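K.L.:
One predicted model, sequence on top.
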Amino acid sequence: MRRSRTGLAAVVPLLWLAVFFAFPFMLVAKLSLSDTALAIPPYAPRIDWSRGLEGVRTFLQGLDLETYARLGRDRLYLDAYLSSLRLAGVATGLLLLIGYPIAYGISRCPPKARQALVMAVILPFWTSFLIRIYAWIAILKPAGVLNAALGALGLPAVDILNTETAVLLGLVYAYLPFMVLPLYAVLDRQDESLIEAAQDLGATPLSAFWRVTFPLSLSGAAAGALLCFIPMAGEFVIPDLLGGSETLMLGRVIWTEFFANRDWPAASAVAIVLLATLVIPILLFERQQRKVLA
Amino acid sequence: MRRGPSAFNLASIVLGLAFLYAPIVILVAYSFNASRLVTVWGGFSTRWYVALLHDRQMLDAVWVTLRVGILSATAATLVGLLAAVALVRGGTGPRRTALAGGVYATLVMPEVILGLSLLLLFVAAGLPRGFWTVTASHATLTLAYTTVAIQARLASFDRSLEEAAQDLGCPPWKAFALVTLPVIAPAVAAAWMLAFTLSLDDLVIASFTSGPGATTLPMRLYSQVRLGVDPKINAVSTLLIGLVATGVIAAYLIQQRRARVPAE
Amino acid sequence: MSGRPQLGAVREAFAPWEDPAVRPLVRFEGVGKSFGDTAAVRGVDLSIYEGEFFALLGPSGCGKTTLMRLLAGFETPDAGRVLLGDRDIGADPPHRRPVHMMFQAYALFPHLTVAQNIAFGLKRQGVPRAEIGPRVEEMLSLVKLEGLGRRRPDQLSGGQRQRVALARALAPRPRILLLDEPMAALDRKLREETQFELMAIQQRLNLTFMIVTHDQDEAMVVADRIAVMRAGEIVQVGRPTEVYEAPADRYVAGFIGDVNLFEGRVTAAGGGRVRLASDDGAFDAEGEAAVGDKAWLAVRPEKIAVHTEPPVGGDGNVIAGRIVDYGYLGDWTTYVVEASPGRTLRAARANATRLVDRPLGVGDPVWLTFAPSSAVVLTT
């Protein structure tokens, strides 16, 4: 009797998600199949409700894959697609390399220090993302902090703002906490007696690490990698502010098609392609999370 | 006993934290730089903070952002609380599956796509874009986060407390209000804080769903940043960082103090 | 059984269940409750009387907690009726029942002080503000926690929390108080003290208590009557002495205390006596059974005497054997005696004198005897 009543709690959130999430998403899907008309909505075709079912049928016949075909013909979209995946992939690899030693180092600290360090890793996440990326502009620009420091050390200046290097740097910087935390979570849970057992059986500390600690932490690495890869592939702010005009990433293409070119169907189609690409990592992540929670 | 950290471990931690904090420290430091150039230290000055006070547009943006943040975080927390109750207590069934799927999908949906879809909704509905559309959109973005945060706490909540309240004369809703809610209140407050921060921080969704007269601070900052580095941005960033850091550290300390006494 | 004497006020004269004129306070009538495919409680008929201290005893998963939750209102019966007085309360939600519960892990509200916890039920009843304070104080002194009203639950010891839980459940003056494994979280010494305190409070306030426990010693000490449960059904209801000395079947005999069982066939019966032929020999016992039936004799270890010489004469039952092990418990010594290869029996002997030298040891031949009146004849 109590069960059915708590079930009612689902009604408001479900309605909210239906109106503000599911329905708008259908609009995106529909628009991606519509014809481009520059500048002003609405787009053909529309459903003519006065004609009932017949109207719906005409509407459905009016939809086509024209926009997608156009994306396929244009080199720009394919390049943006590939470089999105490449940059997100490379950044994920870098994050693993940088994040692992940090997470492992924290897990070796005494409990009090561990808590404070975890807090220190999370804290930047609470400060504005935009501001943290903006800070890198001041560092990386030709007359910026980095070159001033290099100059002081007698090293040649570098000009990496508005390059892919800067984008990678920004991605690694912004997503580092999301890599460190899941890794730390599995490393921290690990039973220290496993290492002692390995050493007792004759393993050196290093081989105990590679044969016991590392394999057991792979689930955390997978979680961290997916947690970073998924949003990075759709990232807009970092490539836009640090990548200059040459760096193409899908998130940025959607933005440009929408705000600059006013090509709403193209923006929608790119969004659908991006999402279709991310479905596999998203499902992997969901499965992984469920395993962890179970 | 755990082995202590090695020199390599310590170096990793120090370098990692330096990487995370150096840009923030530089930003804060230069907000007090009298010089306009980042590479030149012109002495300590608060002139950019003063200039900020006279930047009408920036102040308006701050005001809009705060209002959007408070309203959307409150809405997201209330709806998220309901969603969490349904997810933890609602048993199994199609409704729960749909809700869990929807929450998870919002969580992983790239912001650009969420922003675009919401914009299309408001256009289709013929709603003029502005304050209320951003607020609703931010509530949608943050709903998934509040749901997950509250759900985690509610799942570990000892149901016998609620039963004890019912046993002592509370109808179920009142037991929830008098016992469950106060006990999970820290998690609800944390969920609100998270939603508020996310709203405060969001550029992408606000850009899609906002309209004239409802420019948020990130939108204002973004347009300024694109024009180049402006020390005033450093000043407003420092204020934001200070605000959030104070809040987060205070929350952390309060929690630590509570945790010291053994829990129920 | 520890064999410890009962120190609580044993109320020999209190037996309302024997008086047909007294109406029970609580009645379960054919109550059943299933969760999915598993029946937690099946066809339970039970009456609990005003002023009684009633124990539901059984191993975990036997349905005793479900039965208690049916009375508290957290479960609704699938079959049968639950009556309080003359009213069927089966469909009443928990907050409308004048039945309060002390939860196993106490379920104290962590955000409220001790006093606020105790006042919680009083406020829900609409007790005037002016009366709540004195009532809370009265409860605090009842459970000997004067002066701790302003503490929070997490600032109390386990024993103190248990008392707060008791005070909170008692404050609204329930018609019946339910105690769900109330002593499970306490250590042994505190548990014994608390048992006697519970009995004292129950008799002082003249309240009806129903306790759920898996601890037979606890049930024996505190309860006026015990209901032994197995697999959702009630196997036997009776005074502690009845349940111990006259168990209804082998399950009850084995669950409460130690027992030696002799399985065999009835070869003679009549005049309140039965003769049973078993692998260990032929024995006489007082009881009823039909000739030719399969039956068991249950004999408690302390009712078996241990002799170092073959007994002469008498109508006792004798078994010869050899000591293979013994356990010295201070007040008692339990001997494990091998009667035939692979067959061991247990006999307990009170250590009435200080044993300077040990008269009995492993390997010694012994003769066990028990009187026909010490054995219980069981047919199931």
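P.N.:
Yep, it's here. Bear in mind that the values here come from a model prediction, so they are computed numbers and not experimental data. Residues are numbered from 1 along each chain as shown, chains lettered A, B, ... in the order given.

K.L.:
now the helices for the stretch 151-294 of chain A?
P.N.:
With DSSP state H, counting those that start in this stretch as the criterion, the stretch 151-294 of chain A has helices at A:164-189, A:192-200, A:205-208, A:214-216, A:218-233, A:237-242, A:250-255, A:264-293.

K.L.:
what's next to the fourth one, contact-wise?
P.N.:
If I follow you right, that is helix A:214-216. For helix A:214-216, contacts defined as CB atoms under 8 Å, 6 or more residues apart in numbering or on different chains pick out A:186, A:190, A:194. No exception for glycine: its C-beta is placed from N, CA and C like everyone else's.

K.L.:
ok, back up a step: output the helices of the stretch 151-294 of chain A in TSV, with distance to residue B:162 appended to each entry.
P.N.:
Below are those laid out as TSV (distance: least, CB to CB, whole Å):
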stretch	distance to residue B:162
helix A:164-189	30
helix A:192-200	38
helix A:205-208	47
helix A:214-216	38
helix A:218-233	33
helix A:237-242	44
helix A:250-255	44
helix A:264-293	23
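
K.L.:
Compare these and report which one is nearest to residue B:136.
P.N.:
Ranking the helices of the stretch 151-294 of chain A by proximity to residue B:136 (CB to CB) places helix A:264-293 first, at 19.8 Å.

K.L.:
close to chain B, is the closest one?
P.N.:
Yes. Among the residues of helix A:264-293, A:264, A:267, A:268, A:271, A:274, A:275, A:278, A:282, A:285, A:286 lie within reach of chain B under CB under 8 Å from any CB of the partner chain.

K.L.:
Residue A:223 contacts residue A:285, doesn't it?
P.N.:
Yes. Residue A:223 lies in contact with residue A:285 (CB atoms under 8 Å); the separation is 7.3 Å.

K.L.:
ok, so what distance separates residue C:125 from chain A?
P.N.:
22 Å (CB to the nearest CB, to the nearest Å).

K.L.:
so that residue touches residue C:171, yeah?
P.N.:
No. Counting by CB under 8 Å, residue C:125 does not reach residue C:171; the two are 9.3 Å apart.

K.L.:
Name the residue in those two with the higher neighbour count.
P.N.:
For residue C:125 versus residue C:171, neighbours defined as other CB atoms under 10 Å in any protein chain shown are more numerous around residue C:171 (25 against 14).

K.L.:
residues contacting that one?
P.N.:
Residue C:171 sits next to C:118, C:119, C:121, C:122, C:135, C:136, C:139 when contact means CB under 8 Å, 6+ apart.

K.L.:
give me the low-pLDDT residue ranges for the stretch 101-250 of chain C?
P.N.:
For the stretch 101-250 of chain C, applying pLDDT under 70 flags no range at all.

K.L.:
which parts of it sit against chain B?
P.N.:
Within the stretch 101-250 of chain C, the positions adjacent to chain B are C:101, C:103-105, C:107-111, C:120-121, C:124-125, C:152-155, C:168-169, C:172 by CB under 8 Å from any CB.

K.L.:
Try it again at 7 Å.
P.N.:
Contacts of the stretch 101-250 of chain C with chain B, taken as CB under 7 Å from any CB of the partner chain, map to C:101, C:103, C:105, C:107-111, C:120-121, C:124-125, C:153-155, C:172.

K.L.:
Show me which of those residues are buried.
P.N.:
Buried subset of those (neighbour count, 16 or more other CB atoms under 10 Å in any protein chain shown): C:101, C:103, C:107, C:108, C:109, C:110, C:111, C:120, C:121, C:124, C:153, C:172.

K.L.:
which residue packs closest to the fourth one, ignoring adjacent ones?
P.N.:
Right, the one you point to is residue C:108. Leaving aside its sequence neighbours, residue C:108 sits nearest to residue C:153 (CB to CB, 6 or more residues apart in numbering or on different chains; 4.0 Å).

K.L.:
how far away is that neighbour from residue C:312?
P.N.:
To residue C:312, residue C:153 is 66 Å away according to CB to CB, to the nearest Å.

K.L.:
so what's the residue of the stretch 151-294 of chain A found nearest chain B up against?
P.N.:
Residue of the stretch 151-294 of chain A nearest chain B, by CB to the nearest CB: residue A:234 (2.8 Å). By CB atoms under 7 Å, 6 or more residues apart in numbering or on different chains, the residues touching residue A:234 are A:250, A:251, A:274, B:110, B:112, B:113.

K.L.:
what do you get for residue B:180?
P.N.:
So residue B:180 contacts B:157, B:162 (CB under 7 Å, 6+ apart).

K.L.:
got the buried residues for stretch B:142-156?
P.N.:
Using 16+ other CB under 10 Å as the burial criterion, the residues of stretch B:142-156 that qualify are B:142, B:143, B:144, B:145, B:146, B:147, B:148, B:149, B:150, B:151, B:153, B:154.

K.L.:
next one: stretch C:46-64
P.N.:
Residues of stretch C:46-64 classed as buried: C:46-58, C:62-64 (neighbour count, 16+ other CB under 10 Å).

K.L.:
Could you check how many residues crowd around residue 262?
P.N.:
Let's take chain A. When neighbours are defined as other CB under 10 Å, residue A:262 has 15 of them.

K.L.:
Can you look at chain C instead?
P.N.:
Residues near residue C:262, counting by other CB under 10 Å, number 23.

K.L.:
Pull out the buried positions in the helix or strand it falls within.
P.N.:
Using DSSP states H and E, residue C:262 sits in strand C:260-270. By neighbour count with 16+ other CB under 10 Å, strand C:260-270 contains the buried residues C:260, C:262, C:264, C:266, C:269.
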